[in-house]
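> Quick one, structure for this:
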Amino acid sequence: MPSSSPPPSAVASTLFAASLTRSAATRLGAHALSTLAAAASLLAGAQAATASPAAPRPNILLIVADDLGFSDIGAFGGEIDTPHLDALAREGLRLTDFHSGATCSPTRSMLLSGVDHHIAGIGSMAELTVPEQQGQPGYEGHLNDRVVPFPQLLRDAGYHTLMAGKWHLGLTPERSPAARGFDKSFALLRGADDHVAQPWNTRIDPAQPLYREDGRLTTVPADFYSSNFYADKLVSYLQATQGDGKPFFAYLTFTAPHWPLQAPDEAIAKYAHRYEAGYEALRAERIARQKSLGLLPRDFQPAKALTNFPAWRQLGVAQQKQEARRMAVYAAMVDVMDQNIGKVIRQLKASGQYDNTVVIFISDNGAEGANVADRASVIPRDNRLANIGKPSSYVSYGPAWAQVSALPFSLFKGHSHEGGTTVPTIVRLPPSLRSAPAGTVLPVPGHVTDIAPTLLALGGASYPQRVGALQTPALQGRSLLPVLSGQQADRGERFDKGWELFGQKAYRQGDWKIVYSVPPFGPGRWQLFNLARDRAEQRDLSAQHPDQLASLQAAYAAYVHRNGVLEVPRLAERIAERYSSRSYFEALKAADEVQASHRSPTRP
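This next block holds a predicted model:
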């Protein structure tokens, strides 16, 4: 248990000032003081507005989509029907420079811990760890014991802590959500599963743990559809805990729109013909809409489509039909996810809790451009055109659509370019805590590690220096409250962050960023970009600004040392052989050729 004492259930502005000891202030830095002042001011304002002796702490709903691209939802320029997310954006704030890790479990470890994923135990995804990383500190493959997940601290501070959806941070009971701070939880333990009931997820196999509820192995029901089920489960947890005067932290972590692409027939039918005009037409639509929404300047030059892959006109008619169908299923998954977000919001409104609820929505990384369709050639599936999206199919939507989803940025999931780590982010504050105008677009840089200190400040929970005999790592994120509350136009300090995953690297200081990626998507050396003028990372300035390049390379080296990053020779090239989008169209053809011999699904 953390060594800090939990604060009382009612939090006034004076509690925030008292909750930061001198030693904690030293550990968290001067920014913590401004964060506490912002939180105190917010709550003091709420007290004045309600004329109550002490404003109640807010409820918190944190929603995470899985592999959703920056431009997919309506509020960020997409054509997909997402009225509930769009309504949250109209009530709240849209952050257009908010960053995740390059893939899912690294992001989730940073989200819950507030520190870099190399410290939190997910230095690489467990599924793609190479021999040189195995057994090394920071590469345990689960959320390790060095870190203190913030839900544990909120629970100790008097919050109900509830979770439904994807975990991906450990398989065993002691690594489950129940052991890391959640009172109630239903969790998919692994990185992916079918979105529907299958033989392997409707029975328990202790040798292959897949789902746990409150730490115990469980199954999904026969009528399972992931987004519907996770939202229903969370609603049941909310209903069971309402009315006792305690605030809640609810963590709703969808597996949509992660592959395999599967959705209800009626949802797919809604988009059956929407994508028949192809990649380029949709690119133009989304960029125009992003500019009209004020997400981009009128003169913004988006990332160009990669020439590694065929243009729409270069595809055969059969390929075009397959691609249009895949994108239709992807859109249907996003649509159904939004419907289920609406279900949770309706519950909060019906219970009278919505007005005092902070809602945060993010994606765990950029759109997924890697090829998984080749798995259909070894797993019995039916990926014929008319069956795509049904329970017996198993497809992704490939790198061409992923580039559209990532617009206006370059590349996608697995890469440290902007398209891999810039995620659509919505923050809706209760009216009593809101001072920035509703619907504001904030181009202020932020990072997923900022969420933990933000929510701890809102919840009046303090961060411990030790857990038992272990000293905890200092929080690396910085609270977003001063910016979200409208008290600060910007963050007042230079944005200073590093990324490394699978040997794909980046470092950013202010508007300058260096990126290292290997062929076919990069030159195999560091590139330099000025994001103030070129957020799409199209113009390499390393030759023109060698001193800036060297300075950022030194900053990256310090990041490696500070966070225990292992620099493994040829890591990016080696991972690309296992996790790549280069063979997507070839694999589609191969998958089509083996359909006649594969019909009944078995466990992947």
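
> switch to C-alpha atoms for all contacts and neighbour counts from now on
Noted.

> How about Ala572: what's its closest non-neighbour residue?
Closest residue to Ala572 apart from its sequence neighbours, by Cα to Cα, 6 or more residues apart in numbering: Gly503 at 4.4 Å.

> what residues are up against the most centrally placed residue in the chain?
Residue closest to the average C-alpha location in the chain (Cα atoms, centre = their mean): Asp364, at 1.5 Å. Counting by Cα atoms under 8 Å, 6 or more residues apart in numbering, Asp364 makes contact with 64-68, 100-101, 103-104, 107-108, 423.

> Least confident secondary structure element in the chain?
One helix or strand of the chain scores below all others by mean pLDDT, DSSP states H and E: helix 13-19, with a mean of 32.

> re earlier: can you redo the contacts of Asp364 as a markdown table with neighbour count?
Listed next are these as a markdown table, based on neighbours: other Cα atoms under 10 Å:
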| residue | neighbour count |
| --- | --- |
| Val64 | 23 |
| Ala65 | 26 |
| Asp66 | 25 |
| Asp67 | 27 |
| Leu68 | 28 |
| Ser100 | 27 |
| Gly101 | 32 |
| Thr103 | 26 |
| Cys104 | 24 |
| Thr107 | 24 |
| Arg108 | 27 |
| Val423 | 31 |
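
> Of these, which belong to helices?
104, 107-108 (DSSP state H).

> Reformat these as JSON lines; add distance to Pro173 and pLDDT.
Converted to JSON lines, these look like this (distance: Cα to Cα, whole Å; pLDDT from 0 to 100):
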{"residue": "Cys104", "distance to Pro173": "21", "pLDDT": "95"}
{"residue": "Thr107", "distance to Pro173": "21", "pLDDT": "98"}
{"residue": "Arg108", "distance to Pro173": "18", "pLDDT": "98"}
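
> from the residues you listed, which is closest to Ser396?
The nearest member of those to Ser396, counting by Cα to Cα, is Cys104 at 16.1 Å.

> measure the closest residue to the closest one other than its chain neighbours to Pro151 for me?
In space, and not counting its chain neighbours, Cys104 is closest to Asp364: 5.4 Å by Cα to Cα, 6+ apart. Separation of Asp364 from Pro151 (Cα to Cα, to the nearest Å) stands at 18 Å.

> now do Asp66
20 Å.

> What of Leu111?
11 Å.

> Quick check: closest non-adjacent residue to Thr241.
His160 (7.5 Å).

> Who is that neighbour paired with across the strands?
Assessed by DSSP bridges, His160 has beta-bridge partners Phe248.

> doesn't Gln242 make contact with it?
No. Judged on Cα atoms under 8 Å, His160 makes no contact with Gln242 at a distance of 9.6 Å.

> after the longest helix out of those in the chain, next one along is what?
Longest helix of the chain, by residue count under DSSP H: helix 317-350. Per DSSP states H and E, the first helix or strand lying C-terminal to helix 317-350 is strand 357-363.

> Report the angle between that following strand and helix 317-350.
170 degrees (axes from the mean of the first three to the mean of the last three Cα atoms, to 10 degrees).

> Please renumber the chain so that the first residue is 380 from this point on.
Sure, I'll start counting at 380 from here, so that last one is strand 736-742.

> how many neighbours does the nearest residue to Gly500 once chain neighbours are set aside have?
In space, and not counting its chain neighbours, Gly500 is closest to Gly517: 4.1 Å by Cα to Cα, 6+ apart. Gly517 is flanked by 25 other residues according to other Cα atoms under 10 Å.
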